[in-house]
Each structure stands twice: as structure tokens, then as C-alpha cells.
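Undergrad: sequence first, then the predicted structure, then my questions.
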Amino acid sequence: MSLNTDHIRATHAGSLPRTPELIAANAAKETDGITPEFLELLEASVAGVVQRQKDVGLNIPNDGEYGHTMSTSVDYGAWWNYSFARLGGLEPTDVDRWKDPVVHRSTPGHIVLTSFPDRRDRLAFNDAYTDPSSGILTHRKSVSQPKITGPLTYTGQDLVASDVTNLKKGLAAAGLTEGFVASLSPGSCARVANEYYASDEELLYACADAMREEYKAIIDAGLTVQLDDPSLAESWDQINPEPALQDYLRFIQLRVEATNWALRDLPRDRIRLHVCWGSWHGPHTTDIPFADIIGSVLQINAGGYSFEAANVRHEHEWRIWEDTKLPEGKVIIPGVVSHATNVVEHPDLVADRIVRFAELVGRENVIASTDCGLGGRVHPQIAWAKLEALGEGARRATARLW
């Protein structure tokens, strides 16, 4: 990640709302396959979403994750399950990610991740989670997971080539030079049923070797790769009963080491890491504090660190940067608008949040962002209003900092 020189740059965390036409085309693709008409629509849609990001004041756009295969026709869920179409060694199952546990073999501390209904936050607020009027699971869809039955290989060469080509065309048309493509981290890639690898460590390194090919393709195209890794923080709530902190830190240390293996010899300034606590609209009372894992997060060889900092469960954690030294030459990419509320943040509040971080780690080291992807989490009209507030907030923060 390059540093700011004369202004606060703005980006976002990945997923953006798809157009109704693209959602319909994705649904049709499930039966018709990839047609020339679909590819034409995809290219035009990426160009449009890049231009729109520029128009609202974002300096570092992406393709909206439009090239990531959705498992359903809804505008939600592609961040993780897109990888199923890009990996060999998988077989389809009727396992539902919302109901069935994903078991990791031989994990430190004998940690086993639970299914969604058994998560600790879900159990603590069972009445709310099971009440359809609460809106917590508005976007819940039955999503089948595959299982690993053979050696993992990367098979998505054509798909990632399409991702980078469409984004580069969109950037050129918009007169921009810097952009990113989101990609699944080894730790999050490993969160499927495993019937092949003998241990969690073997599985993680197999994921690292497979996904590295995607990371390298994005970087070799002159773009930045964003590794999406909720597994570092969100897994805490998936372990029931609550584990000892040291056991959990050993659990995620394997994920840190596997990620660094995947990133070996790749340029750090073309890599950013996204960490979140899961973007569903729940209470999140059992989230692990950021302070408990920040040391692990900073071990990953990325040039920038994206994290939630605007939603009300984590906004107070800006204070960890009073005592945590940001490594030289790296940047933070804090969320300063949230996916977790329909309220559109005032630009002055966005600016306040940006300035707060800049005063702690330096104005050159802060890129303003969203907590998580907005696609599928808030209405498209609200999502773009939030991104407009983000761009304006970055401009107002710039006026205060320069």
C-alpha cells in the first residue's frame, strides 16, 4: 500500500450492490452457463461500478466483486462461496452452512467450529434470531457447502483473468490507476468439510498453495489483492463453549502462518488484509476484542489492514492504536461507515473518525473505508449514500489534516 501524500484516500471493503440485470444474469448462468452475452454484461457492469465509485469520491475502487460467482440469485454471499467454482478437489454436498458444523481435524486445543445456530451470540439472543420480524437473518438463504475429497488445486485461471481484465478496463475508462480485487484467505478457504487432509495444518497449507495462484494473478496484473479473512476474528464466536484465549491464539496462528506461506515473495505493497467479525446484523456480543488478536493480525505480511471500526460493537477499539505501533511502511484501512445500520453517517462524523485514526498513526497511513462489503447488507440506494458520505468525509478530513 502506498502512503497518502496530500489527501486522505478512500476505498471500501469489497462487495457492492449488483444491478437487477446482473443479478438476473447470474441466476440464468446457473442453468445456461457462461455465455457471450453474460460476459458482455459483466464487463459493462464492472466499468459502470468503477465509474460510480469514482463519482462518489473513492480513490481505490474494485470490481464490486461482480465476477465472483453467487450461489443463489440474491445479491449476497459471493465473498466466500465464489471459491467453490475455482478449486479442484471438492465435491458437492447437501450440507447447509447455516445448520451444519464444519469440523477441523487435529486443531490446537481440540477446537471445533460450530454451525450457525450453535454460535454463542445466536444462543444468547435466541428469541431475536428466531423471530423473522427482527430482521437479523433477512438475507438467510440455504447455501450448500462442498466437501474436500481430494487434493486442492486452483482451477480458476480464466475467471480471475476475467476479474482483472474487467477491472483494468474499468479503471482506464475512469482515468484511475489504483484498484483492488478481493480474494479468499487460506483460513476462510479452509472452512468447509474436509474428508481428505489428515490435519488442520495440512488443510490450511493446501488452501494456501491453491489460493496463492489467484493472489499472484491479481498482483501480476498490476492490481492490489485484498485477502478476505473473517476466520481470524469471527471463528471465536463459532467455538462453543468459549475457548481459552491462548488456545484460540494458537488456532489462528496456524492461519497466520499459512497465509504468510501463500504470500511468500509477493510484494507487500500490493497486499491488503480484511478482518471482520461476520457481517450479519446480529448483536455480536460474543465477538472477540480486537486487542486480543491485533498482534496476530499484524504478523500477516500485508501492506494494509482493513478492519471494522464504525459499527457500535467495535468503534471504541480505535484506542488500541494508542498502544499498538503500526509497523513502518504499512497503513490501516479502518471502516468509518458501517454495513450494520440503515442510518447514513454524516460526513462530519466520518471525518471525525478518520482524523481520530490519523492523529494516532499519522495522516499518511490512513485509508478510509467501510466496515464490510455493502452489497446485500443494506439497500443499494442506502449503500451508495453511505459511500458518498465516505467520500465527502475523506475530503473534509483532508481539509482538517493538510
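TA: That came in fine, so what should we check first? Numbers count the residues shown, from 1 in each chain.
Undergrad: what about the helices in this protein?
TA: Taking DSSP state H as the criterion, the chain contains helices spanning 20-32, 36-55, 78-81, 120-124, 126-130, 157-174, 186-189, 200-220, 231-234, 245-262, 290-299, 347-361, 380-401.
Undergrad: now residue 277: closest residue in space, sequence neighbours ignored.
TA: residue 287 (4.4 Å; CB to CB, 6 or more residues apart in numbering). From N, CA and C alone the C-beta is placed, and that goes for glycine too.
Undergrad: contacting residues for the one you found?
TA: By CB atoms under 8 Å, 6 or more residues apart in numbering, the residues touching residue 287 are 121, 233, 236, 237, 277, 313, 314.
Undergrad: same thing with residue 204?
TA: Residue 204 touches 186, 187, 190, 254, 255, 258, counting by CB under 8 Å, 6+ apart.
Undergrad: by neighbours, which of those wins?
TA: Highest neighbour count within these: residue 186, with 30 neighbours (other CB atoms under 10 Å).
Undergrad: quick revisit: buried subset of the contacts of residue 287?
TA: The neighbour-count criterion (16 or more other CB atoms under 10 Å) marks 121, 233, 236, 237, 277, 314 among the contacts of residue 287 as buried.
Undergrad: how far out from the middle of the chain is the least confident helix or strand in the chain by mean pLDDT?
TA: Across the helices and strands of the chain, mean confidence by mean pLDDT, DSSP states H and E is lowest for helix 78-81: a mean of 80. Taking CA atoms, centre = their mean, to the nearest Å, one finds helix 78-81 lying 9 Å from the centre of the chain it belongs to.
Undergrad: show me which positions of stretch 337-350 end up buried.
TA: 337, 338, 339, 340, 341, 344, 345, 347, 350.
Undergrad: which residues are contacting it?
TA: 13, 279, 281, 308, 310-312, 336, 368, 370-374, 377-379, 382, 385-387, 389-390, 392-397.
Undergrad: are any of the residues you listed buried, and which?
TA: Neighbour-count burial (16+ other CB under 10 Å) is assigned, among these, to 13, 279, 281, 308, 310-311, 336, 368, 370-374, 377-378, 382, 385-387, 389-390, 392-397.
Undergrad: so what's the spatially most central residue of the chain up against?
TA: Computing the C-alpha centroid of the chain and ranking residues by CA atoms, centre = their mean puts residue 228 first, at 3.7 Å. Neighbouring residues of residue 228 by CB under 8 Å, 6+ apart: 14, 79, 80, 182, 183, 184, 185, 188, 274.
Undergrad: ok, now residue 233?
TA: Counting by CB under 8 Å, 6+ apart, residue 233 has contacts 275, 276, 277, 287, 288, 290, 293.
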